[in-house]
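K.L.:
this one's sequence-less:
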């Protein structure tokens, strides 16, 4: 078996109209992605318990501190992904990006790190009105 087929390979994403090859995080960063998965699973679990017409409220699911930690984890995933992708990027430079760029960076970093469009859409839908039929 060719073990190299399991190595992290860059994924093409579009950021502010430019195609960029983003390197995904490796197993070195597994604790970081596992922490985000913990929050994601809580969202999906809470969504599955909603009744028709109910909406998911993150403030009721997470404490303010947990919401802050989740945001920090997402930001760190984006930063570490960009650090691997763009030689010479510093945290200071990363912190200067416009919020609209950060949104696109987050989408690209999540895609590169295996948080697929379907998974992200599922999470986004969990935050909107539940269409589940009883």
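P.N.:
Yes, it's here. Please read these numbers as outputs of a predicted model, since none were measured by experiment.
K.L.:
what ranges do the strands span in the chain?
P.N.:
11-15, 18-22 (DSSP state E).
K.L.:
what about the nearest residue in space to residue 74 that is not next to it in sequence, neighbour count?
P.N.:
Nearest residue to residue 74, sequence neighbours excluded (CB to CB, 6 or more residues apart in numbering): residue 106, at 6.1 Å. Every C-beta, even on glycine, is put in place using the N, C-alpha and C of the backbone. When neighbours are counted by other CB atoms under 10 Å, residue 106 registers 17.
K.L.:
Residue 106 and residue 76 touch, don't they?
P.N.:
No: here residue 106 does not reach residue 76: they are 11.1 Å apart, not a contact under CB atoms under 8 Å.
K.L.:
before we move on, back to that, residue contacts, the residue nearest to residue 74?
P.N.:
Residues in contact with residue 106 (CB atoms under 8 Å, 6 or more residues apart in numbering) are 74, 77, 78.
K.L.:
For these, could you give me a markdown table that also reports neighbour count, distance to residue 113 and pLDDT?
P.N.:
As requested, the contacts of residue 106 are exported to a markdown table (neighbours: other CB atoms under 10 Å; distance: CB to CB, whole Å; pLDDT from 0 to 100):
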| residue | neighbour count | distance to residue 113 | pLDDT |
| --- | --- | --- | --- |
| 74 | 19 | 11 | 85 |
| 77 | 23 | 6 | 87 |
| 78 | 24 | 10 | 84 |
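K.L.:
Now do the helix ranked longest in the chain: which elements does it pack against?
P.N.:
Longest helix of the chain, by residue count under DSSP state H: helix 64-85. If contacts are counted by 3 or more CB pairs under 8 Å, 6 or more residues apart in numbering; DSSP states H and E, helix 64-85 sits against strand 18-22, helix 30-48, helix 91-95, helix 99-112.
K.L.:
Could you point out which of those sits nearest residue 6?
P.N.:
helix 30-48 (13.9 Å; CB to CB).
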